[in-house]
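Novice: Next comes the sequence, and after it the predicted model I'd like to discuss.
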Amino acid sequence: MDKTGIIVVSLCVVLLGWWFIEQKKMADEQQRYAAAHPVATAQSAVSNSTATATAPAVAAVAPVVVFDTNMEEQTLVFTNGRAHYMARYTFTSRGGGLKLVELLDPVYLQTISARWKGRITNSAASSHASLNARANVPVLAVLGDEKFVGDGNFTLTPIAGGVRAEKTFADGLRLVKNFSFSSNYLLNASVRIENTSDKPLALAAQELVVGTATPMDADDSGQVEGAMWSDGTTAVDQPLMAFSGGGCSRGAPKTEIRAGTGNVVWAAAHNQFFALVAIPKDAAQQMVARTVTLPRFQNVGVTTTGISPQGIQTALVYPAQTLTANSAVERQIILFAGPKEYRTLARIGEDLKNNVDQVMNFGSGFGSFWG
């Protein structure tokens, strides 16, 4: 080997050693942060504002809100029946949203389970690749104020091609959500906020939950989990280490990360191979992301005394406003819940002209198993 080869090999060894040291530092920082910030279950940012729809989103640290578990949970389970995009959707009355998505195409079960020895699933009852599994808050739960939660229990009703979740509150507020199945791992959804009273109703800033990025199995450290958002041209990813102050640019730990100024064209909660993406018809005011502590994996032969696994809960933020008597506002959203498969995402991005294929996160160097 000549001198050039020796130099190149030596540099590679040094860089590899540096990379392992940095990864160890990041993991240690995440564990320290998780131990000091054991965020639980559903969260919402409280706003005291009663401004009109032009008011900016409220940047407040979220108190914990827990859905009432004394009432029996109602679930509805549907399979979309599409040969190459087959998925099973579980909807829950707690929060009135999409609780779990399981990908039934054998390619994901066979390919991923071989890598993770059959333990990729977040659900003890499923052997399929899953999204939002073990998260306490469903997709399209409406947070931001206790007024949007109450006891958290919605009524679920099957409708043609989908599901409806609805809840009426004592002050006349009524939330109605519709989900309908589409192709390419897509669902068409709407969230309608109604004032059924004869008086104006002040609404705090609303957070519509995109989903929670979760580890795929007990060996997944979560370092490639992220909350991502885009203005339709450029996507920005906030990985788990950003909350602990890790990474190349060191900073103080964060309880939440907010981004956007009325230009959030889509937002995502993703891990290494799978993503939940919300694409609103009209751009949201902001994206907000927070770390959440998840239940431990069960029956996987690992210790249960270490740091609990961490997830990243992502939401679209809409500004505070006042609904006049007997009026309503409706948010229309396309949901993607599936694998980071470039051809599918590129096709969706081309159809919607929003570059949603950037959720592949090729720029990180650890982008996608599927690319």
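Specialist: Thanks, I have it. Numbering: from 1, shown residues only.
Novice: Tell me, how many residues neighbour Thr261?
Specialist: Thr261 has 11 neighbouring residues, counting by other Cβ atoms under 10 Å. C-beta coordinates here come from the backbone N, C-alpha and C atoms, glycine included.
Novice: An error on my part: the question was meant for Val149.
Specialist: Neighbours around Val149, by other Cβ under 10 Å: 22.
Novice: Okay, Arg290 and Phe243: tell me how far apart.
Specialist: 8 Å (Cβ to Cβ, to the nearest Å).
Novice: Could you pull out the residues contacting both of the two?
Specialist: Contact criterion Cβ atoms under 8 Å, 6 or more residues apart in numbering; residues shared by Arg290 and Phe243: Thr255, Ile257, Ile312.
Novice: Give me the residue ranges of this structure where confidence is low.
Specialist: 1-2, 5, 8-9, 12-66, 83, 109-127, 217-223, 246-251, 297-306, 363-371 (pLDDT under 70).
Novice: can you give me the helices in it?
Specialist: Remark: helices assigned in the chain by DSSP state H are 3-36, 106-116, 240-244, 342-352.
Novice: Show me what the third one is packed up against.
Specialist: Other elements packing on helix 240-244 under the criterion 3 or more Cβ pairs under 8 Å, 6 or more residues apart in numbering; DSSP states H and E are helix 3-36, strand 310-318.
Novice: please redo it, this time with the cut-off set to 6 Å
Specialist: helix 3-36 (3 or more Cβ pairs under 6 Å, 6 or more residues apart in numbering; DSSP states H and E).
Novice: check contacts around Tyr318.
Specialist: By Cβ atoms under 6 Å, 6 or more residues apart in numbering, the contact set of Tyr318 is Gln206, Gln285.
Novice: related to what we said a few turns ago, filter the shared contacts of Arg290 and Phe243 down to the buried ones and hand me the ChimeraX line.
Specialist: Of these, the buried ones can be selected in ChimeraX as follows, counting by 16 or more other Cβ atoms under 10 Å:
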select :257,312
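Novice: Please tabulate the shared contacts of Arg290 and Phe243 in a markdown table, including the columns distance to Ala235.
Specialist: Output for the shared contacts of Arg290 and Phe243, formatted as a markdown table (distance: Cβ to Cβ, whole Å):
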| residue | distance to Ala235 |
| --- | --- |
| Thr255 | 23 |
| Ile257 | 14 |
| Ile312 | 15 |
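Novice: So which of the shared contacts of Arg290 and Phe243 is the closest to Ala135?
Specialist: The nearest member of the shared contacts of Arg290 and Phe243 to Ala135, counting by Cβ to Cβ, is Ile312 at 10.1 Å.
Novice: shouldn't the closest one be in contact with Ala227?
Specialist: Yes - using Cβ atoms under 6 Å, Ile312 is in contact with Ala227, at 4.9 Å.
Novice: Common neighbours of these two, please.
Specialist: By Cβ under 6 Å, 6+ apart, the residues touching both Ile312 and Ala227 are Ala289.
Novice: ok, which stretches of the stretch 151-300 of the chain are strands?
Specialist: 155-159, 162-168, 173-181, 186-195, 201-203, 206-213, 226-230, 235-239, 256-259, 266-270, 274-280, 286-293 (DSSP state E, counting those that start in this stretch).
Novice: give me the number of residues near the closest residue to Gly260 other than its chain neighbours?
Specialist: Using Cβ to Cβ, 6 or more residues apart in numbering and skipping the chain neighbours, the partner closest in space to Gly260 is Gln286 (4.3 Å). Neighbour count for Gln286, taken as other Cβ under 10 Å: 24.
Novice: Does Gln286 have any beta-bridge partners, and if so which?
Specialist: Beta-bridge pairing of Gln286 under DSSP bridges involves Val317.
Novice: do the same with Arg258
Specialist: Val288.
Novice: isn't it right up against Gln286?
Specialist: Yes - counting by Cβ under 6 Å, Gln286 is a contact partner of Arg258 at 5.3 Å.
Novice: neighbours around Glu256, how many?
Specialist: Quick note: Glu256 (other Cβ under 10 Å) scores 18 neighbours.
Novice: and what of the one 4 residues further on?
Specialist: Neighbour count for Gly260, taken as other Cβ under 10 Å: 21.
Novice: was I right about it contacting Val288?
Specialist: No - applying Cβ under 6 Å as the test, Gly260 and Val288 come out as separate, 9.0 Å apart.
Novice: how deep is Glu102 tucked in, by neighbour count?
Specialist: 25.
Novice: distance of it from Thr324?
Specialist: In this view, Glu102 and Thr324 are 42 Å apart by Cβ to Cβ.
Novice: ok, the longest strand along the chain: who's next to it in the sheet?
Specialist: Longest strand of the chain, by residue count under DSSP state E: strand 327-339. Applying DSSP bridges to the sheet, strand 327-339 is found paired with strand 186-195 (antiparallel), strand 274-280 (antiparallel).
Novice: most packed of these?
Specialist: strand 274-280 (a mean of 26; mean count of other Cβ atoms under 10 Å).
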